[in-house]
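Peer 1: got a predicted structure plus its sequence, pasted below:
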Amino acid sequence: LGTARITGSLALAAERTAPGGALIVVYEYHHQFLTHADGSAVLRPTARIVKPGAQGAFAIDVPADVVRMDVLFIAPEHLTELFHFRRQLGVGDIEYRASLPSMADWRSHYYTYLSPQLENLIVEPRYRLAPHEQQLLTQWLQAQNERLAAGRS
């Protein structure tokens, strides 16, 4: 009855691929059957990392208890794109095509937006990021830090 999968592709404007490549960060908000005093639902956040495949193809399964997702598409030297999704009855699988434009001042974007957000995923236990995903994210961040420290863009 509801959406079970988000599929699509990730296209990058720049021809060259920087170290680390593209990543997709999926924030999932799970229904808890509890409500706040104002009647709004209590949601439990989790996160996971998806590595796009050949030609940028990706598939993201949507668990039955997830009522909302935020999908963050990131790549070195590209502007980040965010896709918000709310589960709707009667909407089958969703196809989404993300297209990330090149960004001239990516260094600033990385240090002020991406790095703090991604580091928070690693250290914050409420997101329940799997150990291999923590390692993948740590390696990606390390590759970007080394590249930016060396002055390469």
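Peer 2: It's in.

Peer 1: what is the lowest-mean-pLDDT helix or strand in the chain packed up against?
Peer 2: Of the helices and strands making up the chain, the lowest-confidence element is strand 23-35, at a mean of 85, by mean pLDDT, DSSP states H and E. If you count contacts as 3 or more CB pairs under 8 Å, 6 or more residues apart in numbering; DSSP states H and E, strand 23-35 packs onto strand 41-50, strand 57-61, strand 66-74, helix 131-149. No exception for glycine: its C-beta is placed from N, CA and C like everyone else's.

Peer 1: so what are the sheet partners of the third one and their directions?
Peer 2: The one in question is strand 66-74. strand 23-35 (antiparallel), strand 81-86 (antiparallel) (DSSP bridges).

Peer 1: the residue nearest to Glu77 when sequence neighbours are not counted and Pro76, how far apart?
Peer 2: Once flanking residues are discounted, Glu77 sits nearest to Trp106: 4.8 Å by CB to CB, 6 or more residues apart in numbering. As defined by CB to CB, to the nearest Å, Trp106 lies at a distance of 7 Å from Pro76.

Peer 1: looking at these two, which is more packed in?
Peer 2: Neighbour count, other CB atoms under 10 Å: between Trp106 and Pro76, Pro76 has more, with 25 against 20.

Peer 1: list the contacts of the more buried one.
Peer 2: Contacts for Pro76 (CB atoms under 8 Å, 6 or more residues apart in numbering) come out as 18-21, 106, 110, 144, 147.

Peer 1: between the strands paired with strand 66-74, which gets nearest to Leu137?
Peer 2: strand 23-35 (7.5 Å; CB to CB).

Peer 1: the helix or strand where His109 lies: how far from the chain's middle?
Peer 2: Using DSSP states H and E, the element containing His109 is helix 106-109. In terms of CA atoms, centre = their mean, to the nearest Å, the centre of helix 106-109 is found 18 Å from the chain centre.

Peer 1: what's it packed up against?
Peer 2: Short answer (3+ CB pairs under 8 Å, 6+ apart): helix 106-109 packs on no helix or strand.

Peer 1: distance check, the most centrally placed residue in the chain against Leu100.
Peer 2: The residue lying closest to the centre of the chain (CA atoms, centre = their mean) is Val25, at 1.8 Å. As judged by CB to CB, Val25 and Leu100 stand 13 Å apart.
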